[in-house]
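A.B. asks: Turn this into a structure:
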Amino acid sequence: MEFLQLMKSECSLTLIIFLLLFIKLWDGIKSNRSLLNIVNMLLLANLLLGFFFNVDGDLFNGMFHTNATLALEKNILNLGTFIISLQAYEWLSDHKHLLEFYILLLCTLLGMDFMISSNNFLMFYLGLELSSIPLAALCNFDLHKIQSSESGVKMILSSAFASGFLLFGISMLYGTTGSLDFKEIAPLLGTSKLQVMAFIFIFVGFAFKLSSVPFHLWTADVYEGAPPPVTAYLSVISKASIVFIFMSVLFQLFHNYEGTWYHMLYLSILLSITIGNLFAIRQDNIKRFLAFSSIAQVGYILLGISSGSAMGSSSAIFFLIVYTFSNLGAFGVVSLVSALTGKEKISDYKGFYVNNKMSSWVMAICLFSLAGIPPTAGFFGKMFLVTAGAAKGNYLLIALAVMNMVISLFYYLRVIKAIFIDDNESRMPALKGSLTHKLALVICIIGAIGTGFASGLFEYISSIAAK
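C.D. replies: As a prediction, the model looks like this:
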């Protein structure tokens with residue numbers, strides 16, 4: 001019973017994957033809409049289960065660890081996956097590989113859960129590969145589009161490159177400490193040049209996965225070519241999982257190197273925020289636009305993490321909850337437009353408000369939240385991140401981060417201007433999404449506004465992060 005409680009999320013996902021395999025082999029349900037309803041109910045059950053029966057403990061001789069903070073992080077991923085599944089209804093309702101999509105998707109989520117709970121580099125790497133390889137297949141899921149194939153190839157190559165850096169760094173750590181266990185390695189780290197080099201390789205591997213500058217070059221091309229629901233998954237779920245384990249590795253394993261990794265984060269923050277914002281201004285494809293927006297958002301997350309404190313981890317977790325609602329709300333509109341019209345350019349959204357008022361307001365509110373404009377939750381999320389980053393007393397970095405928030409207003413408002421002010425004769429017709437898609441948008445709007453006023457949520461995150 002204790003085993004099932006400690007690995008509750010992993011066991012639940014494994015059970016769902018096997019159920020979907022049995023349904024695929026049985027081939028008794030022919031309707032995609034019936035299958036989608038079944039899968040969404042299973043994902044909802046998995047999400048609700050994450051709020052109950054949470055206990056702290058270790059398994060596999062300490063390789064697997066869970067506590068209240070890690071359970072919350074996993075449930076953030078479960079929530080985002082459930083929303084993405086609701087948004088993918090139109091795209092998957094006529095897709096002949098529906099079950100294969102969900103099996104791959106849940107395998108990546110399972111790998112992320114193992115990665116988050118890892119207390120050992122072996123468990124971490126197994127989770128990383130379990131999450132990365134199916135994700136590359138998902139990027140290539142639009143088999144009839146050459147851009148999707150290109151996206152899959154670039155995803156697998158960048159993943160392999162990042163894994164190579166991580167493995168090289170891990171092998172150096174093992175060679176100098178004789179262990180793969182985080183708790184055993186941490187006290188053995190010193191001023192050895194080989195250990196410092198190992199840390200640099202591991203940091204670079206994480207930077208590739210986070211798509212922080214200058215290791216971001218794969219991001220826009222992969223986001224553009226992948227199907228919109230997969231792009232949303234890459235932008236939110238995949239990124240959040242890497243942030244969670246990155247915080248654990250920095251704070252628990254490499255806390256002796258805080259002086260080193262702070263300066264590395266400083267440079268990465270400055271480059272990610274500035275270059276992400278400047279390149280977002282130039283984009284016309286809305287998925288590439290959101291890709292560079294996500295690169296800039298990573299810079300702000302790293303700003304909070306750079307404090308190396310419980311406040312930093314709390315603010316990062318809180319912001320990722322806000323980011324999940326805000327970014328998925330924007331991607332929900334993009335997914336609907338792409339599935340029903342095939343249009344993915346910002347210029348295609350001119351006059352969008354005339355026939356699609358609800359979707360227009362969802363996009364506007366979510367973009368305002370991503371920009372950090374009050375009273376949306378994004379304002380509170382960025383305020384906590386900046387406050388945490390300011391604890392180091394580096395006010396030049398804080399000033400530059402705030403200045404970049406002003407720059408970001410330009411490109412977010414450019415999209416809103418196209419939707420509400422610009423007009424053209426070939427504006428989009430009224431797009432009627434399914435009930436599940438509308439439900440997903442409502443959830444995102446409530447989260448993008450209400451999360452900022454839920455002071456108890458941040459207090460709860462702070463209380464469990466401080467333990």
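
A.B. asks: Output the contacting helices and strands for the helix or strand hosting residue 110.
C.D. replies: Assigned by DSSP states H and E, residue 110 belongs to helix 98-116. On a contact count with 3 or more CB pairs under 8 Å, 6 or more residues apart in numbering; DSSP states H and E, helix 98-116 meets helix 8-26, helix 32-49, helix 68-87, helix 121-139, helix 239-248. The way it works is simple: take the backbone N, C-alpha and C, and place the C-beta from them, glycine included.

A.B. asks: Indicate which one of these is closest to residue 233.
C.D. replies: Nearest of these to residue 233, taken as CB to CB: helix 68-87 at 5.6 Å.

A.B. asks: coming back round to it: quick one, the helix holding residue 110 and helix 68-87 angle?
C.D. replies: Orientation note: helix 98-116 sits at an angle of 160 degrees relative to helix 68-87 (axes from the mean of the first three to the mean of the last three CA atoms, to 10 degrees).

A.B. asks: relative orientation of helix 98-116 and helix 121-139 in degrees?
C.D. replies: Going by the same axes, to 10 degrees, helix 98-116 makes 150 degrees with helix 121-139.

A.B. asks: Can you lay out the helices and strands packed on helix 98-116 as a markdown table showing mean neighbour count?
C.D. replies: Converted to a markdown table, the helices and strands packed on helix 98-116 look like this (neighbours: other CB atoms under 10 Å):
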| stretch | mean neighbour count |
| --- | --- |
| helix 8-26 | 16 |
| helix 32-49 | 17 |
| helix 68-87 | 23 |
| helix 121-139 | 21 |
| helix 239-248 | 23 |
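
A.B. asks: what's the closest of these to residue 321?
C.D. replies: So among the helices and strands packed on helix 98-116, helix 68-87 is nearest, using CB to CB, at 5.9 Å.

A.B. asks: With only the CA atoms kept, save the helix holding residue 110 in PDB.
C.D. replies: Extracted C-alpha coordinates of helix 98-116, given in PDB (Å, rounded to 0.1, in the frame of the first residue of the first chain):
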ATOM      1  CA  LEU A  98      -5.700   9.100 -31.900                       C
ATOM      2  CA  LEU A  99      -4.800   6.300 -29.400                       C
ATOM      3  CA  GLU A 100      -1.200   6.300 -30.500                       C
ATOM      4  CA  PHE A 101      -1.000  10.100 -29.800                       C
ATOM      5  CA  TYR A 102      -2.200   9.600 -26.200                       C
ATOM      6  CA  ILE A 103       0.000   6.600 -25.500                       C
ATOM      7  CA  LEU A 104       3.100   8.600 -26.600                       C
ATOM      8  CA  LEU A 105       1.800  11.700 -24.700                       C
ATOM      9  CA  LEU A 106       1.300   9.800 -21.500                       C
ATOM     10  CA  CYS A 107       4.700   8.000 -21.800                       C
ATOM     11  CA  THR A 108       6.400  11.400 -21.900                       C
ATOM     12  CA  LEU A 109       4.400  12.500 -18.900                       C
ATOM     13  CA  LEU A 110       5.300   9.300 -17.000                       C
ATOM     14  CA  GLY A 111       9.000  10.000 -17.800                       C
ATOM     15  CA  MET A 112       8.700  13.500 -16.500                       C
ATOM     16  CA  ASP A 113       7.200  12.200 -13.200                       C
ATOM     17  CA  PHE A 114      10.100   9.800 -12.700                       C
ATOM     18  CA  MET A 115      12.500  12.600 -13.500                       C
ATOM     19  CA  ILE A 116      10.900  15.000 -11.000                       C
END
